[in-house]
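Colleague: Need the 3D shape of this:
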Amino acid sequence: MRTTSNPAFRNLPTSGGGGNYAGFGQPYQAQQYPGYQGAPPATGERPITIDDVVTKTATTLGIALVTGFISAWLVLSGQVAPFALAIPGMLVGLVTALIVIFKRTPSAPLVLVYSAAEGVFLGAITGVFESVYSGIAWQAILGTFGVFGAMLVVYKTGAIRVTPRLTKWIIGATVGVVVLMLGNLIMSLFGVNMGLRDGGTLAIVFSLLVIGIAAFNFLLDFEAANEMIRGGLPAKYAWLAAFGLMTTLVWLYLEILRLLSYLQRD
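Modeller: Numbers count the residues shown, from 1 in each chain. Okay, the predicted model is just below:
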């Protein structure tokens with residue numbers, strides 16, 4: 001279950017109880033994953049189901065939306081400065097995410113705190129963009145859910161199958177764009193413009209590339225959740241699946257927001 005670029009799934013056990021439950025749609029083939037040892041004896045905990053993943057994901061997403069709307073409203077109304085919300089939200093979200101990633105067992109409270117903090121952060125950023133480009137917030141939200149829904153359909157129908165080769169390609173591409181973004185950030189501190197984030201043609205192309213890679217990361221997230229279900233892991237791991245999906249949604253939303261701002265510039 002470690003064939004994913006999403007760090008949220010780094011501590012997943014190889015398998016769980018001996019469940020055999022309906023997943024996200026693609027047939028389960030344990031032999032595709034090197035090191036798969038089969039299910040150990042059941043631990044007595046209720047195994048995870050697709051309903052658990054959907055419910056927990058909806059809960060985390062709902063919390064992020066609520067805190068995000070409140071944060072954006074506070075910024076747009078001028079009651080709170082954007083950075084007064086964005087910086088604490090970003091720091092709390094980052095620290096909580098690291099704890100969730102390195103913690104050996106899933107924690108619902110931590111995932112919920114992460115969702116709330118990310119909502120505050122994204123809401124503040126969205127408020128700034130919305131004040132400059134009216135209507136961009138709804139466009140970014142609809143675009144994010146549109147991409148998410150499209151990739152879920154792609155996964156369920158098997159139009160694109162998650163093979164070891166595809167997994168390696170997505171992980172490599174993800175690492176590549178992260179290195180480029182970090183490099184661009186570092187160079188910008190020295191006054192060097194690499195053209196990746198200045199709103200020009202190269203920036204638009206790069207943003208489209210990042211959006212595409214983020215979209216393909218959903219396939220790995222769905223596959224990881226599907227493995228949890230097929231492997232019969234305890235139901236509490238649904239929170240980890242929800243956390244993994246949330247991290248990809250946050251990344252995708254920010255990149256779509258950035259791209260829309262490029263396209264709306266004079």
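
Colleague: Helix or strand for Val147, just tell me which one.
Modeller: Following DSSP states H and E, one finds Val147 within helix 136-157.

Colleague: burial of Asn184, as a residue count?
Modeller: By other C-beta atoms under 10 Å, 18 other residues sit near Asn184. (Glycine included, C-beta is placed from N, CA and C.)

Colleague: Quick check: mean pLDDT of the one helix or strand it maps to?
Modeller: Secondary structure assignment for Asn184, by DSSP H and E: helix 164-189. Averaging pLDDT along helix 164-189 yields 94.

Colleague: Do a quick rundown of the helices in the stretch 1-150 of the chain.
Modeller: 50-76, 82-102, 108-132, 136-157 (DSSP state H, counting those that start in this stretch).

Colleague: among those, which is the most enclosed?
Modeller: helix 108-132 (a mean of 22; mean count of other C-beta atoms under 10 Å).

Colleague: gap between that helix and the chain center?
Modeller: 13 Å (C-alpha atoms, centre = their mean, to the nearest Å).

Colleague: now the angle between helix 136-157 and that helix, please.
Modeller: Put simply, helix 108-132 runs at 130 degrees to helix 136-157, going by axes from the mean of the first three to the mean of the last three C-alpha atoms, to 10 degrees.

Colleague: Now do helix 108-132 against helix 82-102, angle only.
Modeller: Using the same axes, to 10 degrees: helix 108-132 against helix 82-102 is 150 degrees.

Colleague: before we move on, the earlier item: what's the following helix or strand after the helix holding Asn184?
Modeller: helix 201-231.

Colleague: In that following helix, which residues are buried?
Modeller: Residues 203, 206-207, 209-211, 213-231 are the ones in helix 201-231 that count as buried (16 or more other C-beta atoms under 10 Å).

Colleague: Kindly report the same for stretch 251-263.
Modeller: 251-262.

Colleague: Need the residues that contact it.
Modeller: 122, 125-126, 129, 132-133, 136-137, 139-141, 143-144, 147-148, 197, 199, 203-204, 207-208, 210-211, 214-215, 217 (C-beta atoms under 8 Å, 6 or more residues apart in numbering).

Colleague: hang on, the earlier thing: can you tell me which helices and strands the helix holding Val147 packs against?
Modeller: Judged by 3 or more C-beta pairs under 8 Å, 6 or more residues apart in numbering; DSSP states H and E, helix 136-157 is in contact with helix 108-132, helix 201-231, helix 238-263.
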